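> The following comprises the amino acid sequence and a computationally predicted model.
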Amino acid sequence: MHGRRPSVVLAIRAKCDPCREQGRLLRAELGQVGLQVKVKAFEDPGRAASKPGARIDMTDQGLYKSKPDGPSFLDGVFSIAMPHSWMLPEVGRAVERVDRLWGSARQSAAAALADRLVARDVPLIPYGNKVNAEFLAPTLGCRVFPPASSGVDLAALCLNG
């Protein structure tokens, strides 16, 4: 940082205690390398960051997609989670090209794009992975875990005698 102490604004969701705690942790961690993080709460951090002239540098947002494959992840990050004004046009075009492919070509292209983004463009940095646990009692039978989604198929559950 060469003695500089720049200030950045992190937008978090209002009325969200875990978001506030995450902001506090980020402020502490990034403060160690000289970045001053100001945490501001908004009803919709992504929308607030997308407004013209918004003075927001980071957002604390989640990504919830039903398909756990690479292309769907990239599409979700760049079409849902990331504020549109932050998108580099060439990244948007590359994600659209991947999204038009099918089968193994789609998976391979998504992996190659992800490698390129991490090494060169770095449009986002994940800093957490929140997981909701599901506990199922042994009395529940007929458990089906669909391969193309997360969780259990609730309609397939039945009770063991």
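Nice, I can see it.

> what's the helix-or-strand element of the chain with minimal mean pLDDT in contact with?
Least confident helix or strand of the chain, by mean pLDDT, DSSP states H and E, is strand 140-141 with a mean of 74. The set of residues external to strand 140-141 that reach it, using CB atoms under 8 Å, 6 or more residues apart in numbering, is 157-160. For every residue, glycine as well, the C-beta is placed using N, CA and C.

> So which of the residues you listed wins on neighbours?
For these, the largest neighbour count, defined by other CB atoms under 10 Å, is 13 neighbours, found at Leu157.

> Tell me if I'm right that it and Cys142 touch.
Yes - using CB atoms under 8 Å, Leu157 is in contact with Cys142, at 5.8 Å.

> re the thing from before, partner strands of the least confident helix or strand of the chain, with direction?
The pairing partners recorded for strand 140-141 under DSSP bridges are strand 158-159 (antiparallel).

> May I have the phi/psi pair for Arg13?
Dihedral angles of Arg13 (phi, psi; degrees, to the nearest 10) stand at phi -70, psi 130.

> mind listing what it touches?
19, 41-45, 60.

> any idea which element the nearest residue to Gly70 once chain neighbours are set aside lies in?
Nearest non-adjacent residue to Gly70, counting by CB to CB, 6 or more residues apart in numbering: Ala110, 3.7 Å away. Under the criterion of DSSP states H and E, Ala110 resides in helix 103-116.

> If any of the contacts of Arg13 are buried, put those into a ChimeraX selection.
The ChimeraX command for the buried members of the contacts of Arg13 (criterion: 16 or more other CB atoms under 10 Å) is given here:
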select :19,41,42,45,60
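
> Which two among the contacts of Arg13 are spaced furthest apart?
Within these, two members stand farthest from each other by CB to CB: Glu43 and Asp60, at 13.4 Å.

> Next, give phi and psi for Gly3.
Backbone phi and psi, for Gly3 under degrees, to the nearest 10, turn out to be phi 80, psi -10.

> please begin residue numbering at 30 from this point
Yep, numbering from 30; the last one is Gly32 now.

> For it, give its distance to Gly60.
15 Å (CB to CB, to the nearest Å).

> Please say which of these two ends up with more neighbours.
Legend: neighbour count by other CB under 10 Å for Gly32 and Gly60, higher for Gly60 (12 against 5).
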